[in-house]
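Colleague: compute the structure for the input listed below.
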Amino acid sequence: MVSAHNEEAVIADTVRSLKALDYPDERRTVIVVADDCGDATAQAARAAGALVLVKPGPAMGKGTVIHWALTQPEVQEAAWDALVLFDADSRPATTALRYFDAAVQDGAKAIQSRSESARQRGWVARGYAFNNTQRNRVWHQAREMAGLSAALTGTGICLTRDLLAALPPVTRTLTEDLEYSAMLTRAGIRVRYLYDAVIRIEQPHSLRSSVHQRLRWARGQIRTTLVHGPGLLWRAVTKLDVSAFDTALYLAMPSLVPFQVGLLVLGIGETALPDAWPKARIGGMPGIPAWLALAGFGLSIAVAYAGVAAEHRKADWRDWLAFLMLMATWLPIAVFAAMTTQVRRWYRTPHGVSEPDLPPEVEAVEDQRTPPPVSSGTRG
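Modeller: Presented below is the predicted three-dimensional model:
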């Protein structure tokens, strides 16, 4: 299922890529939910071979759109076992559904795939690609290997039908994926991270688009923390649930990036302007020991390097510079988001700006793997 709002430029290619997946045609259906579109998204998706559901009314968050689609007769009356969610810019590896199938047969109810960045030009896209690479390993795969619940990240998500019936994705924030992750963990349901299922996604092609996207993420993260953080901590204490405690920390982790940037700025100020820089007060700002700032910054670099090295990716100075510049912009974004948490405006991220070929590293990963056989019981 693809939820799409004014995605005429990319939706036909997305549908064709989903129909080309290595999975029996008779055992899957590609559905596009045209969410209050003012362009030819529905017509383009239908011409490409998708079943199209046209949602009237104002464009809503993805959680609301998915919940609406699940109530439609075309979905309710169909025979299916699992729902795989993609964004309109997603390009999954041809073997992705086979890996989802095998995980469902193994008992998984909620699954997050691995996201790789599409090949794009510009420092913003380069910074996102670097960040994706290291996060795949040190944030997501690390949790999977530790037996903890991973976080849903918006696209490449597989949810079983019985799970959706028991816990519908009725979310209240701008980050429906993060909120649903919290809801699942509070219910004692582990989100599995499926490293072998590769999804290629576009990144914002400009700083303006990136700022709008990350403002939405930051506001949604703050609201999700306020709504679900206490419940997660309560479950962690009463049920001795380590995943619940980890998810509560994960909700707060995005704020560490601007905090580390702030430490670095303050440390540099104190070092470069020792006489003019205001001295630290107890519990106050802005003075801070330079060694603490450098330690925080160094830890961030070490973790990022470990993630990239584990992925066997080549990163030159331009990748590092783009990554550091992108991370530095988190400080004003996080501050502004905290001051405007009540704003619920959603900005559409423009799609259709990636180059058509797969990055070589994604091609290599897909070619070297032998996908599991299709099971006899799962219909998607």
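
Colleague: spatially central residue in the protein, please.
Modeller: By CA atoms, centre = their mean, the chain has its centre lying nearest to Thr153, at 2.3 Å.

Colleague: need the contact list for that one.
Modeller: 112, 115, 140, 177 (CB atoms under 8 Å, 6 or more residues apart in numbering). In this view, the C-beta of every residue, glycine as well, is placed from N, C-alpha and C.

Colleague: the stretch 151-300 of the chain: strands as residue ranges?
Modeller: 157-160, 191-201 (DSSP state E, counting those that start in this stretch).

Colleague: in the protein, which ranges drop under the pLDDT threshold?
Modeller: By pLDDT under 70, the low-scoring segments of the chain are 59-60, 254-267, 269-271, 274-293, 344-369, 376-380.

Colleague: max-length helix in it?
Modeller: helix 207-238 (DSSP state H).

Colleague: which other helices and strands contact it?
Modeller: Applying 3 or more CB pairs under 8 Å, 6 or more residues apart in numbering; DSSP states H and E, we find helix 207-238 packed against helix 123-135, helix 176-186, helix 242-252, helix 330-339.

Colleague: how about those helices in a markdown table, adding mean neighbour count?
Modeller: Formatted as a markdown table, these follow (neighbours: other CB atoms under 10 Å):
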| stretch | mean neighbour count |
| --- | --- |
| helix 123-135 | 21 |
| helix 176-186 | 25 |
| helix 242-252 | 20 |
| helix 330-339 | 17 |
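
Colleague: of those helices, which is nearest Ile11?
Modeller: Minimum separation from Ile11 across the helices and strands packed on helix 207-238 (CB to CB) falls at helix 176-186, 20.0 Å.

Colleague: what does the closest one contact?
Modeller: For helix 176-186, the surrounding residues in contact (CB under 8 Å, 6+ apart) are 61-64, 66, 110, 149-154, 157, 167, 169, 171-173, 190-191, 220-221, 224, 227-228, 231-232, 235, 241, 243-244, 247, 251.

Colleague: report the buried members of these.
Modeller: Among the contacts of helix 176-186, those buried by neighbour count (16 or more other CB atoms under 10 Å) are 61-64, 66, 110, 149-154, 157, 167, 169, 171, 173, 190-191, 220-221, 224, 227-228, 232, 235, 241, 243-244, 247, 251.

Colleague: can you pull the contacts of the residue lying closest to Arg223 once chain neighbours are set aside?
Modeller: Distances taken as CB to CB, 6 or more residues apart in numbering put Thr173 closest to Arg223, at 4.5 Å, once the chain neighbours are dropped. Thr173 makes contacts with 61, 179, 219-220, 223-224, 227, as judged by CB under 8 Å, 6+ apart.

Colleague: circling back: so can I have a markdown table of the strands of the stretch 151-300 of the chain showing distance to Glu26?
Modeller: Listed next are the strands of the stretch 151-300 of the chain as a markdown table, based on distance: least, CB to CB, whole Å:
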| stretch | distance to Glu26 |
| --- | --- |
| strand 157-160 | 19 |
| strand 191-201 | 21 |
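
Colleague: out of the ones you listed, flag the one nearest Leu331.
Modeller: Here strand 191-201 is closest among the strands of the stretch 151-300 of the chain (CB to CB), at 25.0 Å.

Colleague: before I go, just wanted to say thanks for your time.
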